[in-house]
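Student: Fold the stuff below for me.
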Amino acid sequence: MTRGKTQIDPCSAMILLKETVKRLSSLFFAVCAQILRWKNNVYNSDTRTLLPSYMASANENLSSAAAATPGGDEASLRESLKRCSPETLQAALEFRKTTDASHLSAIVLGIIERFVEPEHHSRLREADEDLRVIEDLGLDSLTMMEVVILVEEVLNVSIANDELRNLRTVGDIRVFIDHKVKGLPPPEPSRYLSIEDLVEVMPQQPPFLFLQEATLTSGWVSGKYRIAGDEHILSGHFPGNPVFPASILLEALGQLAVLFLLHGKSAQLKRPLDAGSIYFTGCEGVRCHRVCRPGDVLKLSIKPKRLRHPLATFEGSIRVGQEKAAYAEEITLTFDYAALEVESEKEDKKSEPPARTGEVDSKNDFGHDRNGTPAAAEAKIDRT
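Tutor: Presented below is the predicted three-dimensional model:
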């Protein structure tokens, strides 16, 4: 809230506008239907039943329009997509013929591209899953509603108003439409974390936190980091020729994996993890494709390959714009679950006398020795 003004949530405004357009459409169809009835002398002479008849005809026409438009012929589809790219139209025609879900991405991106400004087209074609449709692409609530209506028309799907609240990024829209067309339950909404959120939840902290924002889902996590040039590691790597170390690129991917383990909603993780138990154990199949320098924006993504206590293996990649920067076939971390307190143990703790001054346990709260070495592990492993 600001003084004298009320700020409206963009998603709420978009839903309100969509409802308004639908109601206006209903009124328009109803008026047209009633005019036709009057013209052909086919209407109820009892004026008291005129309004219910009026509204019923509106519902009938809306239903028939919704059923006819998506299933229309090629001409109607061409008319609907006349301002989209030829590739979008071709993908839509193929989808109508084959119902092949592989065309969905091209259709959805093509429809979004139709409504964004030309300067954003290149960003959209980079296939950045984290691209925000309102903040990054400049779509306002009304334009976003037009996108939704056209997607409904072309793909013959119906998107409920409450489902729009979770469609924040291009990746959200892609995954949601894919589930919708295939008749699958709606996916878990993604969670966006700002730098402030990351500082609050991550065990790594600045200046050794190489994530500035992240998007977390049940199947993958992505993030961004802009190389500022003032990182302390660049002063010696290399003097006069700053190059972001490849080892730190892997560290950033490892931090994304830590975020997934701690705050992802994977069914393979039975209960919350102990943040002090996650360590880096190894990586395989690492390739670096370009040098990363100050000013580059690293787009990081990881997805789990195997999650089985006590090991978690991820696949990770980094891009700068449309260029590949680095790839890791496997990044493996070790982890442990947080301890569960049994009621009897809680009671025992309550009855225990307070520890005497100078009396210290040999292990800390995370089951580690006071020198930092895990009690259950003999080998030394680096903290990610």
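Student: State the pLDDT value of residue 271.
Tutor: Looking at residue 271, its pLDDT reads 89.
Student: Pretty sure it sits against residue 337.
Tutor: Yes: assessed by C-beta atoms under 8 Å, residue 271 is found in contact with residue 337 at 5.4 Å. Where you see a C-beta, it was placed from the backbone N, CA and C, and this is true even at glycine.
Student: In terms of neighbours, single out the busier of the two.
Tutor: residue 337 (14 against 7; other C-beta atoms under 10 Å).
Student: Walk me through the domains of this structure.
Tutor: As given by automatic domain parsing, the domain ranges for the chain are 10-182, 191-334.
Student: Least confident of the ones you listed, on average?
Tutor: domain 10-182 (a mean of 73).
Student: Quick check: residue 89 vs residue 339, distance?
Tutor: Separation of residue 89 from residue 339 (C-beta to C-beta, to the nearest Å): 58 Å.
Student: Between the two, which is the more surrounded one?
Tutor: Here residue 89 and residue 339 are set side by side on neighbour count (other C-beta under 10 Å), and the busier one is residue 89, at 19 against 11.
Student: So what's the residue count around the residue lying closest to residue 166 once chain neighbours are set aside?
Tutor: Spatial nearest neighbour of residue 166, excluding adjacent residues (C-beta to C-beta, 6 or more residues apart in numbering): residue 189 at 3.7 Å. Neighbourhood size, residue 189 [other C-beta under 10 Å]: 16.
Student: repeat for the one 3 residues further on
Tutor: Neighbouring residues of residue 192 were enumerated by other C-beta under 10 Å; the total is 15.
Student: can you check residue 92 too?
Tutor: Residue 92, neighbours per other C-beta under 10 Å, totals 24.
Student: list the buried ones in whatever helix or strand it lives in?
Tutor: Secondary-structure element containing residue 92, defined by DSSP states H and E: helix 86-98. Within helix 86-98, the residues that qualify as buried are 88-89, 91-92, 95-96, counting by 16 or more other C-beta atoms under 10 Å.
Student: Next, format those as JSON lines and append distance to residue 178.
Tutor: Shown next, in JSON lines, are the buried residues of helix 86-98 (distance: C-beta to C-beta, whole Å):
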{"residue": "88", "distance to residue 178": "16"}
{"residue": "89", "distance to residue 178": "20"}
{"residue": "91", "distance to residue 178": "14"}
{"residue": "92", "distance to residue 178": "15"}
{"residue": "95", "distance to residue 178": "12"}
{"residue": "96", "distance to residue 178": "17"}
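Student: Which single one of these is nearest to residue 285?
Tutor: Nearest to residue 285, judged by C-beta to C-beta, of these is residue 91 at 32.9 Å.
Student: Surely that closest one and residue 106 touch.
Tutor: Yes: using C-beta under 8 Å, residue 91 is in contact with residue 106, at 3.9 Å.
Student: And for the nearest residue to residue 163 once chain neighbours are set aside, the neighbour number?
Tutor: Closest residue to residue 163 apart from its sequence neighbours, by C-beta to C-beta, 6+ apart: residue 186 at 6.5 Å. By the criterion of other C-beta under 10 Å, residue 186 has 12 neighbours.
Student: Now do the contacts for residue 186.
Tutor: 163, 166, 176, 179-180 (C-beta atoms under 8 Å, 6 or more residues apart in numbering).
Student: how near is it to residue 276?
Tutor: For residue 186 relative to residue 276 (C-beta to C-beta), the value is 35 Å.
Student: What is the burial count for residue 234?
Tutor: 20.
Student: where exactly do the helices run in the stretch 1-150 of the chain?
Tutor: 10-39, 50-68, 74-80, 86-98, 104-115, 121-125, 141-155 (DSSP state H, counting those that start in this stretch).
Student: Okay, buried residues for stretch 145-164 please.
Tutor: So stretch 145-164, judged by 16+ other C-beta under 10 Å, has buried residues 145-148, 150-156, 159, 164.
Student: Oops, could you answer that again for stretch 304-311 instead?
Tutor: 304, 307.
Student: try stretch 172-183
Tutor: Buried, per 16+ other C-beta under 10 Å, within stretch 172-183: 172-178, 180-181.
Student: which residues does the nearest residue to residue 154 once chain neighbours are set aside contact?
Tutor: Nearest in space to residue 154, with sequence neighbours left out and distances taken as C-beta to C-beta, 6+ apart, is residue 92 at 5.4 Å. Going by C-beta under 8 Å, 6+ apart, residue 92 touches 77, 81, 103, 107, 154.
Student: Roughly how far does the fourth one sit from residue 238?
Tutor: By that I understand residue 107. Plainly put, residue 107 is 47 Å away from residue 238 if you go by C-beta to C-beta.
Student: Looking at these two, which one has more neighbours?
Tutor: Neighbour tally, residue 107 and residue 238, criterion other C-beta under 10 Å: the higher count belongs to residue 107, 25 against 9.
Student: Would you confirm that the more buried one contacts residue 89?
Tutor: No: the pair residue 107 and residue 89 does not pass the contact test of C-beta under 8 Å, sitting 9.2 Å apart.
Student: hang on, the residue nearest to residue 166 in a strand?
Tutor: No: applying DSSP: H, G, I helix; E, B strand; the rest coil, one finds residue 189 to be coil, outside a strand.
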